[in-house]
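In: the sequence and its predicted three-dimensional model are supplied below.
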Amino acid sequence: MERRSSAFLQTVLYTGIGLLYLPILVLIAYSFNSSPLVNVWGSFSTVWYTALLHNRQLLESALLSLEVAVAASTGAVILGTLASIALVRFNRFRGRLLLTGMVNAPLVMPEIITGITQLLLFVSMVQLIGWPHRGFTTIVISHVTFCTAYVTVTVQSRLAAADRSLEEAAMDLGASPARAFWDVTLPIIMPAIVSSWLLSFTLSLDDLVISSFVAGPGASTLPMIIYSKVKLGVSPEVNALASLIVCAVGACVLVAGYLMVRGDRRRALETQLAAKHA
């Protein structure tokens with residue numbers, strides 16, 4: 001019975017992995033197709049990668065999306081980490097319930113509602129104070145808004161599980177609260193911070209609905225360009241660009257995972273050595 005259950009679970013696991021990654025592999029394979037038609041395989045060729053280098057619209061939109069993703073992820077990590085510290089370390093303060101609701105609301109709010117509300121907010125602000133005009137700034141602000149929620153939830157769970165006694169021991173040895181948090185607690189929650197940054201980067205790079213509402217003329221992100229091209233027909237240059245992005249993101253995830261595992265092993269070794277000396 002256990003063998004049947006194990007075989008069934010493995011089948012479900014492999015099926016899920018296949019459904020997730022098989023389309024990506026097909027996309028990469030067809031980026032080397034010399035034929036512009038998806039249902040027709042011509043021959044192996046890198047012609048669309050060469051054409052991509054001369055497609056200024058796609059390259060500019062990809063660069064804009066990367067800039068927005070980096071800025072939004074960094075801002076979301078800063079705000080989300082501060083929010084998680086407030087929620088974990090301060091049990092009672094005025095506005096805690098409001099902060100909790102504001103953090104969790106973007107997780108369940110439909111993107112189209114978020115996009116409409118952000119658009120109305122920016123239009124009202126422009127009429128009142130003349131800022132911000134729709135473009136790079138409004139896209140970053142909107143992405144920070146929903147990415148902060150994911151950062152807060154991720155870092156909050158890690159911070160709540162951290163051993164507070166280590167930080168208290170550092171303060172007993174003369175470190176200030178800020179110094180103790182920086183030297184002791186921050187390295188412990190750093191894997192969660194890095195993971196939340198990568199998650200925010202992916203969400204920002206992938207966003208289409210919210211960006212379509214808040215982006216102004218001449219500020220089209222990569223998902224917006226891809227969507228507009230797909231509506232008119234398949235663009236082989238899009239396949240080539242998507243393949244490059246998949247490979248780049250995959251490499252970054254592997255490097256980040258390796259660094260996180262190495263850091264955990266080093267901290268575990270240091271803990272064992274400290275226990276032996278004690």
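Out: Looks like it came in fine.
In: what ranges do the helices span in the protein?
Out: Along the chain, the segments classed as helices by DSSP state H run 2-30, 47-53, 56-89, 96-108, 111-129, 136-161, 164-172, 177-180, 186-206, 209-214, 222-232, 236-277.
In: could you dump those helices to CSV with mean neighbour count?
Out: C-beta coordinates here come from the backbone N, C-alpha and C atoms, glycine included. Below are the helices of the chain laid out as CSV (neighbours: other CB atoms under 10 Å):
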stretch, mean neighbour count
helix 2-30, 11
helix 47-53, 16
helix 56-89, 19
helix 96-108, 13
helix 111-129, 14
helix 136-161, 22
helix 164-172, 14
helix 177-180, 13
helix 186-206, 19
helix 209-214, 21
helix 222-232, 16
helix 236-277, 13
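In: for residue 40, find the nearest of these.
Out: With CB to CB as the measure, helix 2-30 is the member of the helices of the chain nearest residue 40 (10.2 Å).
In: so which elements touch that closest one?
Out: Counting by 3 or more CB pairs under 8 Å, 6 or more residues apart in numbering; DSSP states H and E, the packing neighbours recorded for helix 2-30 are helix 236-277.
In: can you check what pLDDT the model gives the nearest residue to residue 267 once chain neighbours are set aside?
Out: Among residues not flanking residue 267 along the chain, residue 187 sits closest, at 7.4 Å (CB to CB, 6 or more residues apart in numbering). For residue 187, the pLDDT comes out at 87.
In: my guess is residue 187 contacts residue 270, does it?
Out: No. Residue 187 lies out of contact with residue 270 (CB atoms under 8 Å); the separation is 10.6 Å.
In: so which elements touch the lowest-mean-pLDDT helix or strand in the chain?
Out: Ranking every helix and strand in the chain by mean pLDDT, DSSP states H and E puts helix 236-277 at the bottom, with a mean of 80. Where contact means 3+ CB pairs under 8 Å, 6+ apart, helix 236-277 is packed against helix 2-30, helix 47-53, helix 56-89, helix 186-206, helix 222-232.
In: for these, please prepare a markdown table with the additional fields distance to residue 105.
Out: Formatted as a markdown table, the helices and strands packed on helix 236-277 follow (distance: least, CB to CB, whole Å):
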| stretch | distance to residue 105 |
| --- | --- |
| helix 2-30 | 29 |
| helix 47-53 | 39 |
| helix 56-89 | 13 |
| helix 186-206 | 16 |
| helix 222-232 | 23 |
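In: where's the residue nearest to residue 267 relative to residue 180, distance?
Out: Computed as CB to CB, to the nearest Å, the residue 187 to residue 180 distance reads 12 Å.
In: one more: residue 224?
Out: 46 Å.
In: contact partners for the nearest residue to residue 36 once chain neighbours are set aside?
Out: Closest residue in space to residue 36, ignoring its immediate chain neighbours: residue 236 at 5.3 Å, by CB to CB, 6+ apart. Residue 236 sits next to 30-31, 33, 36, 48, 51 when contact means CB atoms under 8 Å, 6 or more residues apart in numbering.
In: of all these, which comes closest to residue 264?
Out: Checking the contacts of residue 236 against residue 264 by CB to CB gives residue 31 as the nearest, at 35.9 Å.
In: surely that closest one touches residue 239?
Out: Yes. In this structure residue 31 lies within contact range of residue 239 using CB under 8 Å: 4.1 Å.
In: confidence score at residue 201?
Out: Note on residue 201: pLDDT of 91.
In: wait, what's in contact with it?
Out: With contacts defined as CB under 8 Å, 6+ apart, residue 201 is in contact with 69-70, 73.
In: how far away is it from residue 24?
Out: For residue 201, the distance to residue 24 equals 18 Å [CB to CB].
In: cool, residue 152 as well?
Out: In this view, residue 152 and residue 24 are 30 Å apart by CB to CB.
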